[in-house]
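Participant: Got a predicted structure here, sequence first:
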Amino acid sequence: MARKAERIAAELRRRIVEGELRPGQALPAAKELMAEWGVSMGPAYRALTMLRHDGLVERAPAGRGLVVAEQAATAAESPGPPPPEEAAIRAGLVRAAIAIADREGLAALSMRRVATECGQPSVWLLTYVRDRDRLVALMSDSVFAAHPPPAHPAGDRRARLESVCRLQWAMYRRHPWLAVAVSFHRPHGTPHVAAHTDWAVAAVTGTGGGDTGAAAATGPMIAATAANFVRGSALNLAATPAGDDAFEAGLQRLLDGFALDG
């Protein structure tokens with residue numbers, strides 16, 4: 001799945017560099033990419049996520065879909081990670097923002113508040129994080145990066161999917177704001193969130209995600225349904241006294257419905 005996403009992202013990057021897709025122009029929607037490349041939803045969304053992470057695309061002003069970013073041509077010509085010093089500063093800002101959200105909730109988070117927490121003016125913060133939406137996306141990605149699924153999962157397909165659901169539930173319990181911030185449907189420049197999704201798809205299909213047949217066709221749907229069940233449970237149950245018990249009961253019923261044993 002990762003290789004398919006990389007090929008799609010590389011082609012879209014080429015179109016941006018060569019001017020076929022210009023700043024402000026809408027990108028193909030995930031469904032269009034699925035049809036053009038003959039892939040499932042997972043690789044299409046992951047490709048768009050990769051482009052957003054590289055700063056090549058951004059959310060459309062109206063909030064629907066993605067458009068080529070103004071600085072996309074320059075970013076596409078010289079892709080790569082930020083310099084170590086810049087990356088370290090950005091990581092520190094993200095840690096400070098997570099601490100604020102953990103203590104006071106996402107509503108208390110603002111660019112000014114994070115800058116003040118770091119003892120810097122707001123304009124300094126904008127040098128490293130372009131806006132609040134990007135900051136929240138980086139926060140989500142940082143939490144998911146700190147809780148990767150196991151490299152060598154044990155058990156059958158049900159056990160593997162159950163393990164990643166439990167892992168995400170624990171993350172939402174530790175960071176109550178995360179369930180509000182994260183999305184498994186829209187690309188938000190969060191590669192480690194996408195990595196959780198890819199892992200879940202591979203867990204369900206029983207391969208690296210490149211198989212064919214019924215498992216490949218239903219794997220992304222099952223993974224997305226499970227992820228959104230956990231997130232929805234966190235939004236609705238985490239603050240209740242019986243939240244853990246209710247989540248556990250619902251998870252078992254959900255997995256029973258998938259019939260993944262074996």
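Facilitator: Thanks, I have it. These numbers come from a predicted model, not from an experiment.
Participant: For the stretch 101-250 of the chain, which segments are assigned as helices?
Facilitator: For the stretch 101-250 of the chain, the helices defined by DSSP state H, counting those that start in this stretch cover 111-117, 122-126, 132-145, 157-174, 178-181, 191-205, 214-237, 243-258.
Participant: Can you name every helix or strand that the fifth one contacts?
Facilitator: The one in question is helix 178-181. Judged by 3 or more CB pairs under 8 Å, 6 or more residues apart in numbering; DSSP states H and E, helix 178-181 is in contact with helix 132-145, helix 157-174, helix 214-237. To be clear about C-beta, it is placed using only N, CA and C from the backbone, and glycine gets the same treatment.
Participant: let's see 10 Å
Facilitator: If you count contacts as 3 or more CB pairs under 10 Å, 6 or more residues apart in numbering; DSSP states H and E, helix 178-181 packs onto helix 84-104, helix 132-145, helix 157-174, helix 214-237.
Participant: Determine how far it lies from the middle of the whole chain.
Facilitator: Helix 178-181 sits 11 Å away from the centroid of its parent chain (CA atoms, centre = their mean, to the nearest Å).
Participant: if we can go back for a sec, reformat the helices and strands packed on helix 178-181 as JSON lines; add mean pLDDT, distance to Ile8 and mean neighbour count.
Facilitator: Below are those laid out as JSON lines (pLDDT from 0 to 100; distance: least, CB to CB, whole Å; neighbours: other CB atoms under 10 Å):
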{"stretch": "helix 84-104", "mean pLDDT": "89", "distance to Ile8": "26", "mean neighbour count": "16"}
{"stretch": "helix 132-145", "mean pLDDT": "90", "distance to Ile8": "20", "mean neighbour count": "21"}
{"stretch": "helix 157-174", "mean pLDDT": "93", "distance to Ile8": "24", "mean neighbour count": "19"}
{"stretch": "helix 214-237", "mean pLDDT": "83", "distance to Ile8": "15", "mean neighbour count": "18"}
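Participant: Between helix 132-145 and the helix or strand that contains Ala44, find me the angle.
Facilitator: Counting by DSSP states H and E, the element that carries Ala44 is helix 41-53. Helix 41-53 and helix 132-145 are oriented at 120 degrees to each other (axes from the mean of the first three to the mean of the last three CA atoms, to 10 degrees).
Participant: how close does the nearest residue to Arg15 once chain neighbours are set aside get to Leu66?
Facilitator: Residue nearest to Arg15 in three dimensions, not counting chain neighbours: Leu21, with 4.5 Å by CB to CB, 6 or more residues apart in numbering. Distance, Leu21 to Leu66, using CB to CB, to the nearest Å: 11 Å.
Participant: intersection of neighbour lists for the two?
Facilitator: Leu27, Pro28, Leu56, Val57 (CB atoms under 10 Å, 6 or more residues apart in numbering).
Participant: Could you work out the most separated pair of the residues you listed?
Facilitator: Pro28 and Leu56 (13.5 Å; CB to CB).
Participant: These two: which is more packed in?
Facilitator: When Pro28 and Leu56 are compared for neighbours, Leu56 comes out ahead with 26 against 20, by other CB atoms under 10 Å.
Participant: quick one: the more buried one from Pro23, how far?
Facilitator: Between Leu56 and Pro23 the computed distance is 10 Å (CB to CB).
Participant: ok, now Pro149?
Facilitator: With CB to CB as the criterion, Pro149 and Pro23 are 37 Å apart.
Participant: pLDDT weak spots in this structure?
Facilitator: 1-2, 62-63, 71-83, 184-189, 207-217, 261-262 (pLDDT under 70).
Participant: Show me how the record splits it into domains.
Facilitator: 2-77, 84-130, 148-258 (automatic domain parsing).
Participant: In JSON lines: these, plus distance to Ser142.
Facilitator: Shown next, in JSON lines, are these (distance: least, CB to CB, whole Å):
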{"stretch": "domain 2-77", "distance to Ser142": "13"}
{"stretch": "domain 84-130", "distance to Ser142": "5"}
{"stretch": "domain 148-258", "distance to Ser142": "8"}
